[in-house]
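Undergrad: This is the structure alone, sequence omitted:
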């Protein structure tokens, strides 16, 4: 049935049907998102990775809906309940909620008050009361009194009939749909403290007595409140307007005003019971679940954006680096990396208490810098990071060697991983960590792909969200970033190659093994000799793999091998070689793109080829710019309101941005302090690892909280929160 959904997907995503249908076909053929976005623009109408991923996710959503529909139809048929009208309704349901509402009355369930009443023979009484004809309910109920069946009195008969009506009301699809809208659009989210919020629960003090419209509750607040409930510190409810809820049910199940019967009062009692006991709890759970889903989607989106920005941080490039993993008691681990990131020397220095050996540490560093002609020093920003940075800056002989602070989040995770053990089987975790810090400076993307994204420290509530959805989104981000930059086939690690379109861990390992055994690849064509790498994998991977100084100059570019013949035709017509064409902008300007359009290569492909020829193998990442924290500020006690400091954004959340100002505790720039204008989304103003200037607003030493501002003239707060 997925074909029937394509037009709906197109409508929901604001795309035309042809784009969606072509993309769906390419995905069905096993093509990856980066490959489709880069090399199949004619088919998709130039859709980018985000749009293609959205189409894929929508297809998966509707596939799951159809699978559930099929399961329900089989269940109804097996139980002999699949009447033609019911089948038609099931086939017409276009959402999971609508489908489940239709199935709810037929779903096998545990014994309920209504099922007990039906077993006692009270269904005819319930139906007659619900019909609200002109009769005396008590007299009618007397006909159903039967102690042997468990109905001892008229009151028990009426109560059982109301139970049947209450359950029917709670399972009515229209009632559920309208009540669902009421909860979602007009429900009030309320949270209260489940008890005294002592030290462990102090972070939830703001939500100890909180209420706001559920439809307007920001994602981060929903996630915080739900976490508080999960940890037992908060109780939460969603409460719609009671009067409107009653009006909905009465309009559906009570006779119009002026035509009531004595049975109407019984129905009204059943409505009240059905809402309070059955429908309200069900809708509250659904509305909270929907709110969680929306909040999780937003949290995952923020995490993905931050991760993308982090992975695409500018690389330092091929430089000799002295990397330092700081520490007090166990010392600072030092690793010397050559321009290819290879470990060539290691050492340990003790410049800090309690084992301070300042002079000896200084001599070691100076000697290492001279011997290995160090071009940059990378210092991790963890424990003792600022102190180590200041120590190194105090060595006058190092004035010509830039000292840079590197975010080491996740370095310890890498150092204990299988990947690190495979790379450095003879080194301990401290050396591996120092190597990771240095390599992050040289090429953040190549190093960070070795670490689980959830350990890199740029997400919010990543352990609370749907882990399957998070994993898929982060995998998309990593793959998109890797393929947009391109990968050097002769130097890339297995982890980096694994993210290339069409490869994966098995083929990546096979490529590295072939490279080790046969030597460097001289051309992309050599890939076809790698065991297990067939035509489909070659088609998807080749354009994203680079070979520097290979046999064919196009192998170092993003031009796909399937388009080499086009470039060769361009060069031949201009009387030049391909290499000459790639180096001469004048020749490139003489090319008429329209002339090379064909059935296989449309204008978008030709334009991409020409753009690539102008800057073959270009790196889309920004140029590297060194950063330094403000001198004289290394711990939170050094901060004073009004200070203007240099900082680096470490994380962006829905409510603001966290900024490292070099005191081992990130400060928060609330969304209201990001700019001198209204900011709807922090991502409009800041990105991860952006260098910013901030003003200290307030410092809470007890709670280790730092309030910062990026506004031009912020209102400075004193220690008591009052303006200065």
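TA: That came through, no problem. Quantities reported herein were computed from a predicted structural model and do not represent experimental measurements.

Undergrad: quick one: the helices in the stretch 101-250 of the chain?
TA: With DSSP state H, counting those that start in this stretch as the criterion, the stretch 101-250 of the chain has helices at 113-119, 123-131, 137-142, 154-171, 173-186, 219-230, 242-253.

Undergrad: okay, now the domains of the protein?
TA: Domains of the chain are assigned by automatic domain parsing as 2-89, 113-304, 321-442, 498-614, 636-709.

Undergrad: Can you measure across stretch 319-329, start residue to end residue?
TA: One end of stretch 319-329 sits 30 Å from the other (Cα to Cα, to the nearest Å).

Undergrad: Name the SS class of residue 697, please.
TA: Of the three states, residue 697 takes strand under DSSP: H, G, I helix; E, B strand; the rest coil.

Undergrad: quick revisit: in a markdown table: the domains of the chain, plus distance to residue 456.
TA: For glycine as for every other residue, the C-beta is placed from the backbone atoms N, C-alpha and C. Below are the domains of the chain laid out as a markdown table (distance: least, Cβ to Cβ, whole Å):
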| stretch | distance to residue 456 |
| --- | --- |
| domain 2-89 | 20 |
| domain 113-304 | 10 |
| domain 321-442 | 5 |
| domain 498-614 | 15 |
| domain 636-709 | 10 |
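
Undergrad: Quick check: which of those domains is nearest to residue 464?
TA: When the domains of the chain are compared by Cβ to Cβ, domain 113-304 sits nearest residue 464, at 5.7 Å.

Undergrad: what mean pLDDT does that closest one have?
TA: For domain 113-304, mean pLDDT is 92.

Undergrad: Can you give me the end-to-end span of that domain?
TA: In terms of Cα to Cα, the two terminal residues of domain 113-304 are separated by 48 Å.

Undergrad: same deal with stretch 660-674?
TA: Using Cα to Cα, the end-to-end distance of stretch 660-674 comes out at 15 Å.

Undergrad: Make sure I have this right: residue 658 is in a strand.
TA: Yes. Remark: residue 658 belongs to a strand, assigned using three-state DSSP.

Undergrad: Next up, the contacts around it.
TA: The contact partners of residue 658, by Cβ atoms under 8 Å, 6 or more residues apart in numbering, come to 649-652, 666-669.

Undergrad: Can you say which of the helices of the stretch 101-250 of the chain is nearest to residue 324?
TA: helix 219-230 (35.1 Å).

Undergrad: gap between the residue located most distally from the centre of the chain and residue 173?
TA: Distance from the C-alpha centroid of the chain peaks at residue 139, with 62.7 Å (Cα atoms, centre = their mean). Counting by Cβ to Cβ, to the nearest Å, the separation of residue 139 from residue 173 is 33 Å.

Undergrad: buried stuff in stretch 361-372?
TA: Neighbour-count burial for stretch 361-372 flags 361-362, 364-365, 368-369, 372 (criterion: 16 or more other Cβ atoms under 10 Å).

Undergrad: Next: stretch 412-431.
TA: 412-415, 417, 419-420, 423-424, 427, 429-431.

Undergrad: now stretch 88-107
TA: 89-90, 93, 98-104.

Undergrad: Can you redo the residues you listed as a markdown table, where the extra columns are distance to residue 700?
TA: As requested, those are arranged in a markdown table below (distance: Cβ to Cβ, whole Å):
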| residue | distance to residue 700 |
| --- | --- |
| 89 | 58 |
| 90 | 57 |
| 93 | 52 |
| 98 | 49 |
| 99 | 50 |
| 100 | 47 |
| 101 | 49 |
| 102 | 54 |
| 103 | 53 |
| 104 | 50 |
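
Undergrad: with the residues you listed in mind, which one is nearest to residue 182?
TA: residue 101 (14.8 Å).

Undergrad: circling back to that earlier point, from the buried residues of stretch 412-431, which land in strands?
TA: Assigned to strands by DSSP state E, none of the buried residues of stretch 412-431 qualify.
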